[in-house]
Each structure stands twice: as structure tokens, then as C-alpha cells.
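K.L.:
Here you go, sequence then predicted model.
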Amino acid sequence: MDRLTTDRLMEIMRECAGDGEAIETDRRPEEVEFASLGYDSLAMLETLSRLERDFGVTIDEEEFADARTPAELTTLVNRILTAV
């Protein structure tokens, strides 16, 4: 089964909601909170739906909401994938 990479997640998010905002930070984009990247709740719901569809998983909405960064969301999805 495929694993989700942060690059693939960011690609999915751009397809769902656009590029987000340009940010200046010394952190890698996958470590920056979604809100700081410019992704609102609607974009996140679209991302949730897309991840579930593309990867054939069900993601708990509370766990999804607890994932604040792309790295955390990638870890969550991959944990679910390995449990299937």
C-alpha cells in the first residue's frame, strides 16, 4: 500500500485549495501550522475528503483536527495505512 509523503500531501492541498500564502520562516513548510500556510477549515475538509478517497482510509475528524502541520497529518495518515 502507498504511503503518504509530505510532498504528496502539499500537492493534494494545492489541488484542493490553492497554494496558500507565501510565508517567510526558517522552518520547513511541513513544520508550519496549516493556518499559517493560509489553509482555512473549508480547505482542510476538502483535503480530508480527498485523502480518504485517494488512500481508501477513514480518518477520525478529531484526530484530523489535532494534526496542526503537514508533517503531523502525514504521520497520522501513514499510521492509519499501516493499521489497515
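P.N.:
Happy to help now that I have it.

K.L.:
Any regions of the protein where pLDDT drops low?
P.N.:
1, 18-27 (pLDDT under 70).

K.L.:
again, only this time at 80
P.N.:
Across the chain, the ranges flagged by pLDDT under 80 are 1, 17-29, 84.

K.L.:
That one: helices as residue ranges?
P.N.:
Ranges of helices within the chain are 6-17, 34-37, 41-55, 61-66, 70-83, based on DSSP state H.

K.L.:
Need those helices in a markdown table (columns: mean neighbour count).
P.N.:
C-betas here are computed from N, CA, C, even on glycine. Output for these, formatted as a markdown table (neighbours: other CB atoms under 10 Å):
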| stretch | mean neighbour count |
| --- | --- |
| helix 6-17 | 16 |
| helix 34-37 | 18 |
| helix 41-55 | 16 |
| helix 61-66 | 12 |
| helix 70-83 | 17 |
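
K.L.:
With distance to residue 28 as extra columns, can I get those helices in a markdown table?
P.N.:
Output for the helices of the chain, formatted as a markdown table (distance: least, CB to CB, whole Å):
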| stretch | distance to residue 28 |
| --- | --- |
| helix 6-17 | 9 |
| helix 34-37 | 12 |
| helix 41-55 | 19 |
| helix 61-66 | 20 |
| helix 70-83 | 8 |
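
K.L.:
Give me the phi and psi for residue 60.
P.N.:
Main-chain torsions, residue 60, degrees, to the nearest 10: phi -60, psi 130.

K.L.:
nope, residue 33 is what I was after
P.N.:
Dihedral angles (degrees, to the nearest 10) for residue 33: phi -60, psi 150.

K.L.:
Could you report the separation of it from residue 3?
P.N.:
23 Å (CB to CB, to the nearest Å).

K.L.:
again, but for residue 34
P.N.:
20 Å.

K.L.:
Equivalent analysis for residue 46, please.
P.N.:
Distance from residue 46 to residue 3, by CB to CB: 21 Å.

K.L.:
Equivalent analysis for residue 73, please.
P.N.:
Separation of residue 73 from residue 3 (CB to CB) stands at 13 Å.

K.L.:
Repeat that for residue 11.
P.N.:
Distance from residue 11 to residue 3, by CB to CB: 14 Å.
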